[in-house]
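Student: Below are the sequence and a predicted model; questions follow.
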Amino acid sequence: MATFGRARAARWVRLPVVPVAIAAGLVLSGAMGIRQTFGLFLGPYSLETGVPVATTALAIALHNLVWGVAQPFAGAAADRYGAAPVVALGALIYAGGLVLMARVPTAPMLLLGMGLMVGIGLSCTGFGVVLSAVGRASAPERRSAALGLASAGGSLGQVLLVPFAQSITAVAGLGAALLALAAIVVALAPLGVALDRAPRAAAPDGSSAAGDPSEAILRAWRNPGYRLLTLGFFTCGFQLAFIATHLPGYLALCHMPVGLGATALALIGLFNMAGSWGCGWLGGRYRPQHVLVWLYLIRAAAIGTFLIAPKSEAVVLAFAAVMGLTWLGTVPLTSGLVARVFGVRHLGTLFGIVFLSHQIGSFLGAWLGGVVLEISGSYGPVWLATALAGLIAALLHVPIDDRPVAPAVAEAAR
């Protein structure tokens, strides 16, 4: 029995899974944690620089869209050349965007730095590149759990960096906070080397067709489940970007205590550590699309309840905890489902396309929040839209078929 237990443990911790998972968690922790601080800058940046709130919201929305458009290309580059050069280049571009935003605080430079450069940087240091490396390094039966574990580790950055950014802003100003965050991004650049410890997948028959991304994309797009998954992931992006960008401002409009928005975002990150791991664990034991159905239903119920409930600190913190449990749980489930159906050879490319839909939703969630607020003075219509979108996303995932489309290709990594 002891020998059997040691054998199971050895299979779980065998190289290169451990260094890949650790590196993935660190890269995601920095890249995604910094991104979660942007909602704190929405009002203060406009006050310090004179750039309208709607323009700042547009820049935040634009980086989501650029991130999505660039993600399939970044994923394809990592599939072909490895994660190391992609992560390094992306980290430097990401940091450059933050520096530009801090040093040249004008509307055009904000759109260039926050909108374009940060978006490109995130495509190279975010889920599409990092989790694809974890997927290639993991045994198929443990892939969903490994993806959830890496995603959970990435949430540590949100827990630490949101209060970190707020503290530096309070003491030294917004520009100093942005420069400090840029330095953290630069430190991520060398970690891509550890991600490349993952073995490269190859088609069992050695055919060149298995190595052609365009054929893999066409094969996937002909699958109805892939299209439904892509549509459903739009909702995730819409919900998360709206809440991350506008929750602090919404709480200010509700006359809630100063700093509660940062506390709520940090609490979302804390609970997301458990939620991401838990969703990955569930995805390894139940059909991932069914877990996604329940996840979107829980989100819709939480948002709807929060919208109509009397606002208090307890209500805000409870909402943040529930949203945290479902926050990024969609990522290991969605990427794991793509890997289950289509294999890991082109996981970066195929998940990148699904993620583009997510980021189109993110663009609309961040941008429309600012536009609706300026027009109506209220976030109410967008809150209602996020709740309804969750119900629609749940229905979209019900008919998805998770059977491999072609066994000879679908598990090419083993």
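Tutor: Okay, I see it.
Student: where in the stretch 301-414 of the chain is pLDDT low?
Tutor: Scanning the stretch 301-414 of the chain for pLDDT under 70 picks out the ranges 406-414.
Student: need the helices for it, in chain order.
Tutor: In the stretch 301-414 of the chain, the helices defined using DSSP state H, counting those that start in this stretch lie at 313-326, 330-342, 347-376, 380-397, 407-410.
Student: Can you name the next helix or strand after the lowest-mean-pLDDT helix or strand in the chain?
Tutor: In the chain, the helix or strand scored least confidently by mean pLDDT, DSSP states H and E is helix 2-13, which has a mean of 41. Following helix 2-13 in sequence order, the next helix or strand is helix 17-35 (DSSP states H and E).
Student: In that following helix, which of the residues would be classed as buried?
Tutor: Residues 17, 19-21, 23-35 are the ones in helix 17-35 that count as buried (16 or more other Cβ atoms under 10 Å). Just so you know, the C-beta spots here come from the backbone N, C-alpha and C atoms, and that holds for glycine as well.
Student: do stretch 339-346 as well
Tutor: A339, R340, V341, F342, G343, V344, R345, H346.
Student: need those residues in CSV with distance to L251, can you?
Tutor: Listed next are the buried residues of stretch 339-346 as CSV, based on distance: Cβ to Cβ, whole Å:
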residue, distance to L251
A339, 38
R340, 39
V341, 40
F342, 41
G343, 44
V344, 41
R345, 45
H346, 42
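Student: Among those, find me the one that's closest to V66.
Tutor: Closest approach to V66 among the buried residues of stretch 339-346 (Cβ to Cβ): H346, at 22.2 Å.
Student: Quick check: phi and psi at the closest one.
Tutor: H346 has phi and psi values of phi -120, psi 30 when expressed as degrees, to the nearest 10.
Student: and it, what is it in contact with?
Tutor: A76, D79, P213, A216, I217 (Cβ atoms under 8 Å, 6 or more residues apart in numbering).
Student: And whatever helix or strand the last one lives in, what does it pack against?
Tutor: Of the helices and strands defined by DSSP H and E, I217 is found in helix 213-221. Counting by 3 or more Cβ pairs under 8 Å, 6 or more residues apart in numbering; DSSP states H and E, the packing neighbours recorded for helix 213-221 are helix 330-342, helix 347-376.
Student: Give me the buried stretch members for the last one, please.
Tutor: Applying a neighbour-count criterion of 16+ other Cβ under 10 Å, the buried positions in helix 347-376 are 347-370, 372-373.
Student: Switch the helices of the stretch 301-414 of the chain over to JSON lines; also include distance to G232.
Tutor: Listed next are the helices of the stretch 301-414 of the chain as JSON lines, based on distance: least, Cβ to Cβ, whole Å:
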{"stretch": "helix 313-326", "distance to G232": "14"}
{"stretch": "helix 330-342", "distance to G232": "8"}
{"stretch": "helix 347-376", "distance to G232": "8"}
{"stretch": "helix 380-397", "distance to G232": "4"}
{"stretch": "helix 407-410", "distance to G232": "21"}
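Student: Which among those is found nearest to L112?
Tutor: Closest of those to L112 is helix 347-376, at 16.5 Å (criterion: Cβ to Cβ).
Student: The closest one versus helix 213-221: what angle between them?
Tutor: 60 degrees (axes from the mean of the first three to the mean of the last three Cα atoms, to 10 degrees).
Student: coming back round to it: out of the helices of the stretch 301-414 of the chain, which comes closest to L111?
Tutor: Nearest of the helices of the stretch 301-414 of the chain (Cβ to Cβ): helix 347-376, 12.2 Å.
Student: Check which helices and strands that closest one sits against.
Tutor: With contacts taken as 3+ Cβ pairs under 8 Å, 6+ apart, helix 347-376 sits against helix 53-81, helix 127-137, helix 213-221, helix 224-253, helix 330-342, helix 380-397.
Student: one more time with 6 Å, if that's ok
Tutor: Applying 3 or more Cβ pairs under 6 Å, 6 or more residues apart in numbering; DSSP states H and E, one finds that helix 347-376 contacts helix 53-81, helix 127-137, helix 224-253, helix 330-342, helix 380-397.
Student: Off-centre distance for it?
Tutor: Mean C-alpha position of helix 347-376 versus that of the full chain (Cα atoms, centre = their mean, to the nearest Å) differs by 11 Å.
Student: and if you look at stretch 46-64?
Tutor: Stretch 46-64 sits 21 Å away from the centroid of its parent chain (Cα atoms, centre = their mean).
Student: Please apply the same query to stretch 346-364.
Tutor: Computed by Cα atoms, centre = their mean, the chain-centroid distance of stretch 346-364 equals 10 Å.
Student: do stretch 240-256 as well
Tutor: 19 Å.
Student: Noted, bye for now.
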